[in-house]
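J.: what would the 3D arrangement of this be:
(3 chains)
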Amino acid sequence: MLYREAGDFKVSYQADQQTFPIRFDRLFFWALLASAYFVVPFFINDYWANAVLLPFLIYGVASIGLNILTGYCGQVSLGSGGFMAVGAYTCYKMMTAFPDLNLAFCILAGGVTTAIVGIMFGLPSLRIKGFYLAVVTLAAQFFLVWMFNKVPWFYNYSATGMISSPERTMFGYAITGPNATPAATYLFCLTFLVVLAFLGRNLTRGSVGRKWMAIRDMDIAAEIIGVNPLMAKITAFGVSSFYVGVAGAMIFSVYLGAVEVTEAFGIQKSFLLLFMIIIGGLGSILGSLVGAAFMVLMPVLLKNIMVNSFGWAIDIAAHFEFIIIGGLIVFFLIVEPHGLAQLWRIIKEKMRLWPFPH
Amino acid sequence: MVEFLYGIEVVINGLMAGVMYSLVALGFVLIFKASGIFNYAQGVMALFAAMTLVGVQEGQVPFAHLINSVFGTQYHHFGWHINAFVAIAVAALVMLLFAYLVERYILKHLVNQEPIILFMATIGLAYFMEGFGDLMWGSNIKTLDVGIPQGGNFWIEEKTAFLGGEDFYGFYLDTLDIYATVIAIILVSTLVLFSQYTKTGRALRAVADDHQAALSVGISLRRIWVIVWSIAGIVALVAGIMWGSKSGVQFSLSLIALKALPVLMLGGFTSIPGAIIGGLIIGIGEKLFEFLIGAPFLGGATENWFAYMLALLFLVFRPQGLFGEKIIERV
Amino acid sequence: MTVSQDAAVQETITPDGRTIGGVLMEMRNITLRFGGVVAIEDISFDIRQGEIRAIIGPNGAGKSSMLNVINGFYHPQDGEVWYKGAIRGPMRPHQIAAQGIARTFQNIALFHGMSTLDNIMTGRLTHMKTGMLSQSVWFGRAQREETENRAFAERIIDFLEIQSIRKTPVGRLPYGLQKRVELGRALAAEPSLLLLDEPMAGMNVEEKEDMSRFILDVNDEFGTTIALIEHDMGVVMDLADRVVVMDYGRKIGDGSPEEVRNNKAVIDAYLGVSSD
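T.: Residues are numbered from 1 along each chain as shown, chains lettered A, B, ... in the order given. Below is the predicted model of the structure:
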């Protein structure tokens, strides 16, 4: 068997702390990354970029963010849609106020602003726990969306109330606006995802991540062994909101190009992100990505099968999408709360022993 | 003077909206007390119940859209119109069946899970039901008419016009709201009496206090859950009828669940009087806020978030809600 | 620095040859109330450097509340806590943990979503100082710190003989092992004062013997001062250097195991009545 663990001994703690401790995983990961950078851009077209790849990459960032808060730190947030809007509108204001500013910087600024807003809404988490907190984050969701709708300064007094992103380039290639090519936008988003996933993985595997998980598993015990609950929760809210804000900024500037806040960042988006991490796996960076891929691919697949192959009406496919998502959420919570990532781990354990399970 | 009278009108209307919120919140409280589940699907249950009611009343063929797509047929209606009361009874039966299925296929498997997991499961349930309801009855906006009169109540308007002289035309109250208030009050009183004075009611309260202890004296948890979800289903049906008659049966109906959440934050999750008073506070509060501050200064539509902000502020200073008890933490 | 008034305490050598130093922690006239209920009433006692101090008493005597006062989870209405020769102001539990007080819990309070190793590593958190930025880059400072602390955690794992369950999620472990992991988590903090809340509750004789051995070894090898609550009188008499006896929130006895055993009030209130 190619895939095996036996004989793969670790002689240093560093080797044991690797993200992919098994050699085959490591090789697979590097091969995947290389082909994502050097193969995919040559074959990408508009359909694949817009229907599958861009949403996956961007929601991947957002779901890592939400997973940091919910999966690692145990604080459920239903305000992600509102936080994405903060990122989007900050990015928009930066892009229009400083036309010479680099796009990546505008997007990061969106992340930073969102982090600050997220921390503000996270402050009550010290006193409010569990689903009480989840409901409080709904306050953020509704208030923020209302604010972006009602305060014209945010959308530069445009008549439609929409914001649309002007053309910006990176290294001479258009990333936003009508002239952007699928390959350029894809590589731009891919880089953001790779970097942010790397940072997220590092944060969650070290002492910061352990503080978050301690708070998640038992906050009182965590405080007694020396975790400052306020700091742990606030950093989780801050980091998580940063990711979500960056994703919001990218959805607006790179993916959609023009958004209307209630439609693009409504409460459905908050739920969508929550579903991604439940299905993918709470408390797992890999799970966040798997969940994002699943939630992006499933509607596309359903539409292809039901509408294009069977010739059914589009709305039937949409209803089935709801049924399947809802059913899967319940299924995963009952059967495997750690989601697809855990299923994958179990399969790997089985494979490791194959073909001699005893 | 006239300003003041309009203010009173706003308060009265807020009070009636508050009664509706209380009604939905009541469904939450019942389930939460008996099973520790924060049932996000309550709103979708109301939508589903209202859809079923309309569907039965109008003689719609269930899953018509899907069947027609698959078999190329053209079924839409059975071609009958059923009496509203019969239709309500059928819809109620469907909600009872629903309660049974939820217990059988979901709750049973989630015993002893953390509250937050249960909460997320009900979000999943809400999605499932929304898709299922749309597939079964179609997602178009439907009008629901079970014979409750609607529109401004002229009698009240005429009788109160004298209060404000020339410029005041009397209080404008919707007849439907008045009916809804009366029905909600009857429903709430019935539920309170039921939980205080019947054997099942006592069992319900026992389960609410302590699952383990209730089990050990021979109360069947599963039976209680079915009962509770059935009651919540009936409450959802009533709420669905009221809201559906008012603004049509459509997706936004399911959002009343979101309106009820802050009510619970204020009133506490386990207190029936809390749900009612919390509902009234929020109903009046959001209408007054919109009237005095929202519409003149903030561009309106503050009702979307006012309740949540109020609940947030409130929670920061009194996390246990109005009627909850202070929690002593232990290790 | 204010010096404790009981500076007169001399170093003493125990019969088994350990050195017991000056006063490490002193509780003075502690009173703790919950509403109208008095959990602890005017209790004073001290814990000396290097000793094993037991707190015993019937259920509801206020023993766990006492530990909670020591590590700052409860704040007493009256009284002073002196630690390392200085009076302790109002502090949050995590600040007190940073001062070198670690504990285990009566009902195991492990982090169930993590492995044994990760749980023990959380004990090292008070020693890990790298900021979020270096953490997020990982390579360099964060990795170095992680590796150093991992080495320490591995020493604890060796000491407690739990190498084989290093990567097992703690939720899957049997009760006795969970207790051991929890002890490991507290030890990983290298505490000056270790609080054990019923470390042997619910264990069988063999497990109790193991745990007793670990407690003695910890005290002996690392010189850690230990304060423990225990119900098993045999264990207490064997382990403890000195014993505080509590009943209904009051202190009714204090001294060596022999003294306590022969104390009339203790026999009446606890040993004589309770047939535990």
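J.: what about B:Leu310, neighbour count?
T.: 20 (other Cβ atoms under 10 Å in any protein chain shown). C-betas here are computed from N, CA, C, even on glycine.
J.: nearest residue to it in space, please, no chain neighbours.
T.: Excluding its sequence neighbours, the residue lying closest to B:Leu310 (Cβ to Cβ, 6 or more residues apart in numbering or on different chains) is B:Gly285, at 6.0 Å.
J.: pull the contacting residues for the one you found.
T.: Residues counted as contacts of B:Gly285 (Cβ atoms under 8 Å, 6 or more residues apart in numbering or on different chains) are B:14, B:306-307, B:310.
J.: which of the residues you listed sits closest to chain C?
T.: Closest to chain C out of the contacts of B:Gly285 is B:Leu310 (29.1 Å), distances taken as Cβ to the nearest Cβ.
J.: picking that back up, what helix or strand is the residue nearest to B:Leu310 on?
T.: B:Gly285 is located in helix B:272-289, with elements delineated by DSSP states H and E.
J.: buried ones in that helix?
T.: B:272, B:274-289 (16 or more other Cβ atoms under 10 Å in any protein chain shown).
J.: how far away from the center of its chain is that helix?
T.: Centroid displacement of helix B:272-289 relative to its chain, using Cα atoms, centre = their mean, to the nearest Å, is 14 Å.
J.: which is the next helix or strand following that helix?
T.: helix B:303-317.
J.: distance of the residue of the stretch 151-300 of chain A found nearest chain B from B:Phe63?
T.: When scored by Cβ to the nearest Cβ, the stretch 151-300 of chain A has A:Ile220 as its residue closest to chain B, at 5.4 Å. Using Cβ to Cβ, to the nearest Å, one gets 51 Å for the distance from A:Ile220 to B:Phe63.
J.: OK, now which residue of the stretch 51-200 of chain C is nearest to chain B?
T.: Residue nearest to chain B within the stretch 51-200 of chain C (Cβ to the nearest Cβ): C:Phe105, separated by 5.7 Å.
J.: can you count the residues close to that residue?
T.: By the criterion of other Cβ under 10 Å, C:Phe105 has 22 neighbours.
J.: A:Glu336 too?
T.: 15.
J.: touching, it and A:Arg345? I think so.
T.: No. In this structure A:Glu336 lies outside contact range of A:Arg345 using Cβ atoms under 8 Å: 10.3 Å.
J.: for the chain, which segments count as strands?
T.: If you meant another chain, say so; for now it's chain A. A:163-164, A:169-170, A:173-174, A:258-259 (DSSP state E).
J.: oops, I was thinking of chain C
T.: Applying DSSP E to chain C gives strands spanning C:12-13, C:19-20, C:23-34, C:37-48, C:52-56, C:78-83, C:86-87, C:101-103, C:193-197, C:225-229, C:242-247, C:250-255.
J.: mind listing what the fourth one pairs with, with the direction of each?
T.: To tie it back to what came earlier, the one meant is strand C:37-48. According to DSSP bridges, strand C:37-48 forms sheet pairs with strand C:23-34 (antiparallel).
J.: show me the contact partners of the partner strand.
T.: B:328, C:4, C:6-7, C:9, C:38-49, C:62, C:65-66, C:69-70, C:74, C:76-85, C:192-193, C:225, C:227.
J.: out of those, which end up buried?
T.: Counted by 16+ other Cβ under 10 Å, those give C:4, C:38-41, C:43, C:45-49, C:62, C:65-66, C:69-70, C:74, C:76, C:79, C:81-84, C:192-193, C:225, C:227 as buried.
J.: okay, now the unreliable bits of chain B?
T.: B:1, B:160-170, B:319-331 (pLDDT under 70).
J.: relative to helix B:303-317, how tilted is the longest helix seen in chain B?
T.: Determined from DSSP state H, the single longest helix within chain B is helix B:2-35. Going by axes from the mean of the first three to the mean of the last three Cα atoms, to 10 degrees, helix B:2-35 is angled at 60 degrees with respect to helix B:303-317.
J.: touching chain A at all, helix B:2-35?
T.: No. Judged by Cβ under 8 Å from any Cβ of the partner chain, helix B:2-35 stays clear of chain A, getting no closer than 10.1 Å.
J.: sort out which residues of that helix are buried, please.
T.: For helix B:2-35, a neighbour-count test (16+ other Cβ under 10 Å) marks B:5, B:9-35 as buried.
J.: where along chain C do the helices fall?
T.: Using DSSP H, the helices of chain C run over residues C:63-70, C:93-98, C:116-123, C:132-137, C:141-159, C:175-188, C:205-217, C:233-239, C:257-262, C:264-266.
J.: hmm, I typed the wrong one, I wanted the stretch 101-250 of chain B.
T.: Assigned by DSSP state H, counting those that start in this stretch, the helices in the stretch 101-250 of chain B fall at B:115-137, B:154-160, B:175-197, B:199-209, B:211-216, B:221-247.
J.: re earlier: tell me the helix or strand right after the longest helix of chain B.
T.: helix B:42-58.
J.: compute the inter-axis angle for that next one and helix B:115-137.
T.: Between the axes of helix B:42-58 and helix B:115-137, defined by the same axes, to 10 degrees, the angle is 20 degrees.
J.: okay, the angle between helix B:42-58 and helix B:221-247?
T.: Angle, helix B:42-58 to helix B:221-247, by the same axes, to 10 degrees: 70 degrees.
J.: which is the succeeding secondary structure element to helix B:42-58?
T.: helix B:64-71.
J.: buried ones in that following helix?
T.: Result for helix B:64-71 [16+ other Cβ under 10 Å]: buried residues B:64-66, B:68-69.
J.: which bits of the stretch 151-300 of chain A sit near chain B?
T.: Proximity of the stretch 151-300 of chain A to chain B, by Cβ under 8 Å from any Cβ, involves residues A:151, A:220-221, A:224, A:267, A:271, A:274-275, A:278.
J.: please convert the residues you listed to CSV, extending it with distance to A:Gly110, pLDDT and neighbour count.
T.: What follows is those, written out as CSV (distance: Cβ to Cβ, whole Å; pLDDT from 0 to 100; neighbours: other Cβ atoms under 10 Å in any protein chain shown):
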residue, distance to A:Gly110, pLDDT, neighbour count
A:Val151, 17, 88, 12
A:Ile220, 36, 90, 15
A:Ala221, 36, 91, 23
A:Ile224, 38, 92, 27
A:Ile267, 20, 88, 19
A:Phe271, 22, 90, 21
A:Leu274, 21, 91, 24
A:Phe275, 23, 90, 23
A:Ile278, 26, 88, 28
